[in-house]
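*Asks:* let me see the structure of the following:
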Amino acid sequence: MKMSSLTDNYLEDIKQHRIWLKNFNELRLKKWEDLLQADPETAICEAKTRILMENHDVNIRPYEDLSQGGPDFECSKNGKNFYVETTCISIEAATRESQLFPTDNPDVDDSCYEDLTGKIRSEIGGKVKQCSKVDAPRIVLVGTLHSKVSVCCIDEAAAEELLTGTTYITRKVNSITGGPVGDTYETTQLEDSAFIKPSKDKGNWIEHARCSISAVLLCGFGVNPPNIVGCLHPNPNYVFDSGFLPRIKFCELANGYQKGQLQVEWN
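*Replies:* Here you go, the predicted model:
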């Protein structure tokens with residue numbers, strides 16, 4: 001999508017974000033305007049992040065150090081702080097990963113597409129450093145402006161797979177006859193799991209990963225209202241209270257995951 005048509009679609013969001021940034025300083029406004037020219041999708045996702053937080057009565061202000069980086073936003077609610085770092089999966093990347101085209105294509109079957117779990121986990125991993133130097137809960141918000149991906153790939157199933165990793169339908173096989181034995185069941189090797197990974201310690205089957213990130217928000221900003229779901233880290237450095245964002249559903253690993261029984265609970 002060309003920049004002109006993209007920015008036209010989000011013109012009001014862009015205007016309001018400019019007004020908001022002017023309340024801080026010209027350097028922050030200039031940096032965002034430069035981003036809007038160079039990478040409009042990321043700039044728009046940042047504006048959408050601010051709108052999302054304000055719609056949940058969260059006080060939000062720019063936080064990123066202009067020379068050293070850090071989370072994009074500092075937020076507060078009920079006297080408690082948390083931080084938000086925004087990242088964007090571009091329409092081009094979302095199309096490549098999902099095989100869904102943002103506009104209708106008669107030669108493509110939209111009923112067949114790939115999930116974005118691996119791409120989302122990669123985006124989260126790239127934000128660990130920026131989330132490691134603040135002393136309060138940190139959220140990574142992964143947004144996209146791809147309209148079809150926002151509908152098909154940003155949902156509860158995507159959030160659950162981000163916690164458990166890619167799942168497979170498994171069935172035991174008789175080693176002599178080669179025939180199936182028993183019922184099918186789901187298994188995972190924790191591929192693309194955001195917060196747990198196989199342990200190097202033989203006494204444990206998993207260990208925690210990316211503990212500097214307290215939670216993830218998956219945001220399909222390509223539709224209005226946006227599709228948004230959240231995932232909570234099971235053992236973060238700082239626990240995020242999902243009650244700060246009461247209209248968003250969050251999932252987390254249920255007790256027992258430490259022993260290999262992966263189940264997901266929703267609030």
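*Asks:* what about the helices in the protein?
*Replies:* Per DSSP state H, the chain carries helices over the ranges 3-9, 11-22, 26-38, 40-55, 91-98, 117-125, 147-152, 156-164.
*Asks:* Gly179 is nearest to which of those helices?
*Replies:* Between Gly179 and the helices of the chain, the tightest spacing by C-beta to C-beta is seen for helix 156-164, at 28.8 Å. The way it works is simple: take the backbone N, C-alpha and C, and place the C-beta from them, glycine included.
*Asks:* who's in contact with the closest one?
*Replies:* Helix 156-164 is touched from outside by 115-117, 120-121, 167, 188, 190, 192-196, 216, 218, 229-231, 249, 251-253, 262, 264, 266, with contacts defined as C-beta atoms under 8 Å, 6 or more residues apart in numbering.
*Asks:* any idea how far the residue nearest to Tyr63 when sequence neighbours are not counted is from Pro236?
*Replies:* Nearest residue to Tyr63 in three dimensions, chain neighbours excluded: Glu74, at 3.9 Å (C-beta to C-beta, 6 or more residues apart in numbering). Counting by C-beta to C-beta, to the nearest Å, the gap between Glu74 and Pro236 amounts to 18 Å.
*Asks:* how near is Trp266 to Leu36?
*Replies:* The spacing between Trp266 and Leu36, counted by C-beta to C-beta, is 36 Å.
*Asks:* lowest-pLDDT helix or strand in the protein?
*Replies:* Least confident element among the helices and strands of the chain, by mean pLDDT, DSSP states H and E: strand 167-173 (a mean of 54).
*Asks:* between the helices of the chain, which gets nearest to Val223?
*Replies:* Val223 lies closest to helix 147-152 among these, at 4.6 Å (C-beta to C-beta).
*Asks:* list the buried residues of the closest one.
*Replies:* Ser147, Lys148, Val149, Ser150, Cys152 (16 or more other C-beta atoms under 10 Å).
*Asks:* ok, so of the residues you listed, who is nearest Pro40?
*Replies:* Distances from Pro40 to the buried residues of helix 147-152, taken by C-beta to C-beta, are shortest for Ser147, at 15.6 Å.
*Asks:* confidence score at the closest one?
*Replies:* pLDDT for Ser147: 95.
*Asks:* who's in contact with the closest residue to Asn204 other than its chain neighbours?
*Replies:* With C-beta to C-beta, 6+ apart as the measure, Gln258 is the residue that lies nearest to Asn204, at 7.5 Å, once sequence neighbours are left out. Applying C-beta under 8 Å, 6+ apart, we find Gln258 in contact with Asn204, Trp205, Ile206.
*Asks:* any idea how far Gln258 is from Asn237?
*Replies:* When C-beta to C-beta is applied, the distance between Gln258 and Asn237 equals 18 Å.
*Asks:* re earlier: distance of the residue nearest to Asn204 from Phe250?
*Replies:* Here Gln258 is placed at a distance of 20 Å from Phe250 (C-beta to C-beta).
*Asks:* can you check Glu26 too?
*Replies:* Separation of Glu26 from Phe250 (C-beta to C-beta): 37 Å.
*Asks:* go on, Thr95?
*Replies:* Distance of Thr95 to Phe250, computed by C-beta to C-beta: 28 Å.
*Asks:* pick out whichever of those two has more residues nearby.
*Replies:* A side-by-side neighbour count of Thr95 and Phe250, using other C-beta atoms under 10 Å, places Phe250 first with 19 against 16.
*Asks:* can you say which of the contacts of helix 156-164 are buried?
*Replies:* Among the contacts of helix 156-164, the ones that count as buried (16+ other C-beta under 10 Å) are 115-117, 120-121, 167, 188, 190, 192-196, 216, 218, 229-231, 251-253, 262, 264.
*Asks:* in strands, which of those residues appear?
*Replies:* Thr167, Thr188, Ile196, Val216, Leu218, Val229, Gly230, Cys231, Cys251, Glu252, Leu253, Val264 (DSSP state E).
*Asks:* right, and Thr144 touches Ile91 too?
*Replies:* Yes. The criterion here is C-beta atoms under 8 Å, and Thr144 meets it with Ile91 at 7.2 Å.
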